[in-house]
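A.B. asks: this is a predicted model, with the sequence first.
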Amino acid sequence: MTKNNKMMHALPVEAYTSQEWFDAELKYIFSTTWQFAGLVEDVVNAGDYISVQAGLNNIFIVKGRDNRLRAFHNICRHRGTQLLRAVGKTQKAITCPYHDWTYNLEGELISVPKKEEEFPNLKEDLHKCDLNLHEASVDIFKGMLFVHPEKNAPSIIEYFGEVEPHLGPHIPEKLVEYKDAFYSKEIKANWKIVVENNIDHYHLAHLHEGTLNMYDHAKATFGWKGPHYWFYEPLVEDYSKDLKNATPYPLIDHVPENKIGAYVPWFFPNIGLAESESSWTTFHVLPLAPDRTLVTFRTKTQKADDWEYAKQAAKSAMSSVWTKYGNKGKYKSKDKSDPMASGDFMLEDIYACEQQQKSLQSPYFKVGAQAQKGEYAIQRFQEEVKKWVEKHRAFDKK
């Protein structure tokens, strides 16, 4: 698959630009791993459902009448039409919009219109072949719903088990989704560039010198467990001393004081967390094309009424910490649309990712010296991508 000598450390540049690489990753990585689908509160009552793209497969999770979660491939067994769209509530049955073939919440085909006229041998045909929905796997990890395209997938606990001790002490089920914190954005960059930016320790004190320096980057610890990355860094002293006032949201009451800090793990291949003193956020990266990626953030915070949030926001705004730390753009500019002057670390990251993607087309592109510690995670992630693709391609050829 490599066409020239230009490399991004462990992977060729084509891994970030070519359709061939993109297609291979969809087939050999995203179609063979546990994929984030949503939060447990997305599917509460019988008939509630949510769908997600998992590599080459669109899969939906539905809660049955027995309150059990099930996952199915989102294709009708007649002609393959998508059955359900995005998210829905209290579905009593699953009906294909094309020909009205209908399945119950357990995935069993229960009715076909005009069956006597159009399918005179339907009962016999049903006996000969299984026309129920194709099953996938669904499970829960840390309050998150995951799906796997295979019916009998490897254990999710086995998949995430090694990294779990390095996660924050946060209990997502005790938190509530913050109504104003949902964020979704299409980025003009390959999905791996987005991931690498997230796990790049080197850039934190540089690109985000004015937006994320309430955390002590010099004291960060990080590493790998299996295919997953873990990361932790403490608060800087000034922020820690005035934390009860300076934090933008009410503090999470079940996080012990000696465990407060920023936990930013990355679960292979495409879901990250940001677990802090006052929030817990999922960061979902969905590949759309070799040079386009959809990112979605969902944030949960301490359960409190609007008045508590308003009081905390007022205290935070008046804290002396914010005159020294955070919310200062990398550059000064009168242009309000300039991401590097925005004081928003997400806009800074998006800008950097898109600029890197553009430069891959230049004949002068070449990666320079690699930071031994700060960019260690990038090299390790690329090696994992390469290993996963090669392993599953080899299995596919058997």
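C.D. replies: Arrived safely, thanks for sending.
A.B. asks: contacting residues around the closest residue to F297 other than its chain neighbours?
C.D. replies: Of all residues not flanking F297 in the chain, Y183 sits nearest, at 4.3 Å (Cβ to Cβ, 6 or more residues apart in numbering). In short, each C-beta sits where N, CA and C put it, glycine included. Contacts for Y183 (Cβ atoms under 8 Å, 6 or more residues apart in numbering) come out as T296, F297, M346.
A.B. asks: how about the strands in the stretch 51-200 of the chain?
C.D. replies: 57-63, 69-73, 87-88, 94-95, 102-103, 109-111, 135-141, 144-148, 176-177, 183-187 (DSSP state E, counting those that start in this stretch).
A.B. asks: determine which of those strands approaches K244 most closely.
C.D. replies: Comparing the strands of the stretch 51-200 of the chain by their distance to K244 (Cβ to Cβ), the top pick is strand 176-177, with 20.1 Å.
A.B. asks: for the stretch 251-398 of the chain, give me the ranges with low pLDDT.
C.D. replies: Across the stretch 251-398 of the chain, the ranges flagged by pLDDT under 70 are 394-398.
A.B. asks: and for the spatially closest residue to S31 that is not a sequence neighbour, the neighbour number?
C.D. replies: Once flanking residues are discounted, S31 sits nearest to G55: 3.2 Å by Cβ to Cβ, 6+ apart. G55 has 19 neighbouring residues, counting by other Cβ atoms under 10 Å.
A.B. asks: what residue is smack in the middle of this structure?
C.D. replies: H284 (1.9 Å; Cα atoms, centre = their mean).
A.B. asks: contacting residues for it?
C.D. replies: Shown in contact with H284 (Cβ under 8 Å, 6+ apart): F36, N270, I271, V295, T296, F297, R298.
A.B. asks: quick check: the two most widely separated of these?
C.D. replies: Of all pairs in these, the most separated under Cβ to Cβ is N270 and R298 at 14.4 Å.
A.B. asks: show me the helices in the chain, by range?
C.D. replies: Using DSSP state H, the helices found in the chain span residues 19-25, 115-118, 122-128, 156-160, 191-199, 237-241, 243-246, 306-318, 321-324, 345-359, 376-397.
A.B. asks: of those, which is nearest R77?
C.D. replies: Nearest of the helices of the chain to R77, taken as Cβ to Cβ: helix 122-128 at 10.6 Å.
A.B. asks: follow-up on the earlier one: I'd like the contacts of Y183 as a markdown table, with distance to L26 appended.
C.D. replies: Listed next are those as a markdown table, based on distance: Cβ to Cβ, whole Å:
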| residue | distance to L26 |
| --- | --- |
| T296 | 18 |
| F297 | 23 |
| M346 | 26 |
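A.B. asks: which members of those are classed as buried?
C.D. replies: F297 (16 or more other Cβ atoms under 10 Å).
A.B. asks: ok, the contacts of Y183 vs Y202, which is closest?
C.D. replies: Nearest member of the contacts of Y183 to Y202, counting by Cβ to Cβ, is M346, at 18.2 Å.
A.B. asks: not counting its neighbours along the chain, what's nearest that closest one?
C.D. replies: Distances taken as Cβ to Cβ, 6+ apart place Y183 nearest to M346, at 7.2 Å, with adjacent residues excluded.
A.B. asks: from I350, how far out is that neighbour?
C.D. replies: Distance of Y183 to I350, given as Cβ to Cβ, to the nearest Å: 11 Å.
A.B. asks: so I29 sits right up against P227, yeah?
C.D. replies: No: using Cβ atoms under 8 Å as the test, I29 is too far from P227 to be in contact (10.1 Å).
A.B. asks: anything in contact with each of these two?
C.D. replies: Each of P269, W388 lies in contact with both I29 and P227 under the rule Cβ under 8 Å, 6+ apart.
A.B. asks: one step back: the residue nearest to M346 and G168, how far apart?
C.D. replies: Distance from Y183 to G168, counting by Cβ to Cβ: 20 Å.
A.B. asks: distance from stretch 57-64 to the middle of the chain?
C.D. replies: Here stretch 57-64 is found 17 Å from its chain centre; the criterion is Cα atoms, centre = their mean, to the nearest Å.
A.B. asks: got a list of contacts for it?
C.D. replies: With Cβ under 8 Å, 6+ apart as the criterion, stretch 57-64 contacts 31, 35, 37-38, 43-53, 69-75, 82-84, 91, 94, 105-106, 136, 138, 145, 147, 149.
A.B. asks: same thing with stretch 33-42?
C.D. replies: For stretch 33-42, the external contacting residues (Cβ under 8 Å, 6+ apart) are 48, 50-52, 54-55, 59, 61, 87, 138-141, 143-148, 153, 156, 159-160, 172-173, 177, 267-271, 282, 284, 298, 300, 388.
A.B. asks: are any of these buried, and which?
C.D. replies: 48, 50-52, 54-55, 59, 61, 138-139, 141, 143-148, 153, 156, 159-160, 172, 267-271, 282, 284, 298, 300, 388.
A.B. asks: wait, E348 touches P339, no?
C.D. replies: Yes: applying Cβ under 8 Å as the test, E348 and P339 come out as touching, 6.0 Å apart.
A.B. asks: neighbour count: the two, which is higher?
C.D. replies: Higher neighbour count among E348 and P339: E348, with 24 against 20, using other Cβ under 10 Å.
A.B. asks: how about the contacts made by the more buried one?
C.D. replies: L207, H208, T211, K330, P339, M340, S342.
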